[in-house]
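S.K.: could you look at this predicted model? Sequence included:
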Amino acid sequence: MNEQQFIVGFNHGYLLTKHLPDLVDKLVKQLLASTNDYLLGFFSGKEEYELEVARLELNDLRRIRKDTNDKNLEQDL
C-alpha cells in the first residue's frame, strides 16, 4: 500500500465531503468499482467525516435531552 497516496486521498475525501457532499456522493457512485490507494483513502476520509458529524449530532441530542430533563425537574419542584 502506498501510504502517501492513501493519506492524500483521505484528506481530499474528508474535505470534499465537508464542503461539497453532493459532489462526493456523485463521485463515489462512479468510482466504487475502482480501487487504488488514493481511492481507498478518499472513501475512508468520506466515512470519517460522516462519523464525526453523526457523533456531534448525537452529543447535541444528549445535551438537549439533559437540558430538557433538568428543566422538567426544576418545574416539578
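M.R.: Perfect, I can see it now. Numbering: from 1, shown residues only.
S.K.: report the buried residues of the helix or strand of the chain with the lowest mean pLDDT.
M.R.: Taking all helices and strands of the chain together, the one with the lowest average confidence (mean pLDDT, DSSP states H and E) is helix 37-76, at a mean of 88. Buried residues in helix 37-76, counted by 16 or more other Cβ atoms under 10 Å: 37-46, 49. Glycine gets a C-beta too; all of them are placed from N, C-alpha and C.
S.K.: list just the nearest of those to D25.
M.R.: Nearest to D25 out of the buried residues of helix 37-76 is K46 (Cβ to Cβ; 9.0 Å).
S.K.: ok, and the closest non-adjacent residue to the residue sitting nearest the centre point of the chain?
M.R.: Centre of the chain computed as the mean C-alpha position; nearest residue by Cα atoms, centre = their mean is E50, 1.5 Å away. Counting by Cβ to Cβ, 6 or more residues apart in numbering, T17 is the residue found nearest to E50 once chain neighbours are left out, at 6.7 Å.
S.K.: quick one, what contacts that neighbour?
M.R.: If you count contacts by Cβ atoms under 8 Å, 6 or more residues apart in numbering, T17 has them with 24, 45-46, 49-50.
S.K.: can you do 10 Å?
M.R.: Residues in contact with T17, defined by Cβ atoms under 10 Å, 6 or more residues apart in numbering, are 23-25, 27-28, 42, 45-50, 52-53.
S.K.: out of everything not next to it in sequence, what's closest to I7?
M.R.: With sequence-adjacent residues excluded and distances taken as Cβ to Cβ, 6+ apart, I7 is closest to G41, at 6.2 Å.
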